[in-house]
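K.L.:
Compute the structure for the input listed below.
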Amino acid sequence: MGKKVEIVVQEPAEEAERSPLYEATRKVLLASIGAMALAQDELEQFVNKLVERGQIAEKEGKKLVREAMDKRRKETKKAEGELDRRMEELLARMNVPRKSDIDALSAKIAALTKKVDELKKEP
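P.N.:
Numbering: from 1, shown residues only. The predicted structure is shown next:
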């Protein structure tokens, strides 16, 4: 207990494919995760005070903090998954192409351009 909490967020490889709206929403979510980390620190301090006063055993305090952290982790994953799903639905409804869609079209255009150039060269 009383240890410093460090949050490390690993961004998915497809991050470059997402829209600015998605990114802004994701940043809000990550900020809320930071706020939850602060709440965890406060929970640990509160539990430490209860242990110091003898109102709960140290083992029970550690278990309480661990359970709260596990629940927070699960809820965060669930919220992030729901956010991803809803953002994908929103972008699909708005008919916003993903970067991968644009890249695929660019590759097709390049292939067609090459074929047209080859056909122009034939006598």
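
K.L.:
how about the residue nearest in space to the middle of the chain, what does it touch?
P.N.:
By CA atoms, centre = their mean, the chain has its centre lying nearest to residue 80, at 5.5 Å. Residue 80 sits next to residue 29 when contact means CB atoms under 8 Å, 6 or more residues apart in numbering. C-beta here means a position set from N, CA and C on the backbone, and glycine is covered the same way.

K.L.:
Check which element follows whatever helix or strand residue 87 lives in along the chain.
P.N.:
Per DSSP states H and E, residue 87 falls inside helix 58-93. Heading C-terminal from helix 58-93, the first helix or strand you meet, by DSSP H and E, is helix 99-121.

K.L.:
quick one: the helix or strand of the chain with the lowest mean pLDDT to helix 58-93, angle?
P.N.:
The helix or strand of the chain with the poorest confidence is helix 20-52; it has a mean of 78 (mean pLDDT, DSSP states H and E). Going by axes from the mean of the first three to the mean of the last three CA atoms, to 10 degrees, helix 20-52 is angled at 170 degrees with respect to helix 58-93.

K.L.:
Check which residues of helix 20-52 are buried.
P.N.:
Buried residues in helix 20-52, defined by neighbour count with 16 or more other CB atoms under 10 Å: 22, 25-26, 36-37, 43-44, 47, 50-51.

K.L.:
same question, stretch 75-85
P.N.:
76, 84.

K.L.:
Quick check, residue 36 in contact with residue 76.
P.N.:
Yes. With contact defined as CB atoms under 8 Å, residue 36 counts as touching residue 76 (7.1 Å).

K.L.:
Can you add distance to residue 59 and give the buried residues of helix 20-52 back as JSON lines?
P.N.:
Converted to JSON lines, the buried residues of helix 20-52 look like this (distance: CB to CB, whole Å):
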{"residue": "22", "distance to residue 59": "43"}
{"residue": "25", "distance to residue 59": "40"}
{"residue": "26", "distance to residue 59": "38"}
{"residue": "36", "distance to residue 59": "24"}
{"residue": "37", "distance to residue 59": "24"}
{"residue": "43", "distance to residue 59": "16"}
{"residue": "44", "distance to residue 59": "15"}
{"residue": "47", "distance to residue 59": "11"}
{"residue": "50", "distance to residue 59": "12"}
{"residue": "51", "distance to residue 59": "9"}
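
K.L.:
Right, I'll call it a day here.
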